[in-house]
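Peer 1: How does the following fold in three dimensions:
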Amino acid sequence: EEAIEPTDEANIRFQADYCGRLLAKTDLPTFDLEGVVQGFLEWEHNKHENIMTFRDMCHRSVMTGTMAPPHHTTWLDCRDDSIECYVHRAAYPEGSEHDPANKA
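Peer 2: Below is the predicted model of the structure:
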């Protein structure tokens, strides 16, 4: 552990390697650990790029390949953290700046 480079990527890869070793000792199905690493690296990049907006980004599920829908309100402006608000509000309109199709 002391030999890990002091970078975000090195720490993310260290944890993924550890999880891979644990997973290999079980009868659980494997999954794309490198895809998980890439998702965390994207998240970490978004966080460094803008600490106030990284929570607004959408990410693809490693398990299903499905892109998460955007939340209807930016993190900074959202004051209602109830499950009703999160689940039942409409997503951003198609073509808006937060539409995942615009993130190609």
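
Peer 1: quick one: the helices in the chain?
Peer 2: Using DSSP state H, the helices of the chain run over 8-24, 33-49, 83-88.

Peer 1: among these, which is nearest Gly65?
Peer 2: helix 33-49 (9.3 Å; CB to CB). Backbone N, C-alpha and C define where each C-beta goes, glycine included.

Peer 1: Low-confidence bits of this structure, can you list those?
Peer 2: For the chain, the stretches with pLDDT under 70 are 1-2, 88-104.

Peer 1: how about a cut-off of 80?
Peer 2: Within the chain, the ranges that satisfy pLDDT under 80 run 1-4, 84-104.

Peer 1: Of all residues in it, which one is nearest the centre?
Peer 2: Taking CA atoms, centre = their mean, the centroid of the chain lies closest to His59, which sits 4.9 Å from it.

Peer 1: Test my guess that that residue contacts Thr66.
Peer 2: No. Using CB atoms under 8 Å as the test, His59 is too far from Thr66 to be in contact (10.1 Å).

Peer 1: what's the burial count for Phe57?
Peer 2: Rather than Phe, residue 57 is Met. Using other CB atoms under 10 Å, Met57 has 19 neighbouring residues.

Peer 1: OK, contacts around the residue lying closest to it once chain neighbours are set aside?
Peer 2: Distance criterion CB to CB, 6 or more residues apart in numbering; nearest residue to Met57, sequence neighbours excluded, is Asn46 at 4.9 Å. Counting by CB atoms under 8 Å, 6 or more residues apart in numbering, Asn46 touches Thr53, Phe54, Met57.

Peer 1: any idea how far the first one lies from Asp77?
Peer 2: For Thr53, the distance to Asp77 equals 11 Å [CB to CB, to the nearest Å].

Peer 1: Mind checking which of those two has more residues around it?
Peer 2: Thr53 (13 against 7).

Peer 1: wait, isn't that one in contact with Trp75?
Peer 2: Yes. Counting by CB under 8 Å, Thr53 touches Trp75, with 7.4 Å between them.
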